[in-house]
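> can't give you the sequence, but here's the structure:
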């Protein structure tokens with residue numbers, strides 16, 4: 001059944017191509033998404049943290065917000081890129097698209113925190129934590145895309 005607008009969910013390309021294919025696009029997509037999420041999150045965060053910390057530093061609210069947005073956007077962009085790049089490279093080398101690639105990508109993404117905070121303990125903790133969580137998500141669901149009702153047509157609101 002096709003709706004008035006768009007295609008059925010089975011016909012949609014949800015970016016789940018083969019193992020290790022199109023790594024550059026995956027890297028740029030995850031890194032860009034991380035930057036957008038980091039920028040949005042830090043904009044909201046700056047509204048609450050400026051009265052506490054910004055006034056102590058004597059920086060204008062706009063400059064405080066811009067610094068926070070830049071720091072968080074770059075951090076989450078690098079984390080997203082590290083995850084996508086490592087998971088895709090692992091899938092390409094192993095020629096398998098399974099949960100182990102997500103674990104390796106999670107290790108790489110979590111280790112970025114160790115570099116940021118200059119701490120082996122933080123890097124190891126985040127690497128193991130993200131590796132396990134992302135591996136479980138991939139193992140249980142097979143994808144990072146939330147489950148959808150495939151019987152309904154995409155953009156069919158009737």
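Sure thing, it's come through. Here the structure is a predicted model, which means the values were calculated and not measured. Numbers count the residues shown, from 1 in each chain.
> Now do stretch 48-60: distance to the chain's middle.
Taking Cα atoms, centre = their mean, to the nearest Å, one finds the center of stretch 48-60 at 29 Å from the center of the full chain.
> repeat for stretch 34-46
13 Å.
> Show me which parts of that stretch are buried, residue by residue.
34-35, 38-39, 42, 46 (16 or more other Cβ atoms under 10 Å). Every C-beta, even on glycine, is put in place using the N, C-alpha and C of the backbone.
> Grab the nearest non-local neighbour of residue 34.
Using Cβ to Cβ, 6 or more residues apart in numbering and skipping the chain neighbours, the partner closest in space to residue 34 is residue 80 (3.0 Å).
> So residue 77 belongs to a strand, correct?
No: according to DSSP: H, G, I helix; E, B strand; the rest coil, residue 77 belongs to no strand; its state is helix.
> Let me see the contact set for it.
Residue 77 makes contacts with 31-32, 34-35, 38, as judged by Cβ atoms under 8 Å, 6 or more residues apart in numbering.
> All set now, cheers.
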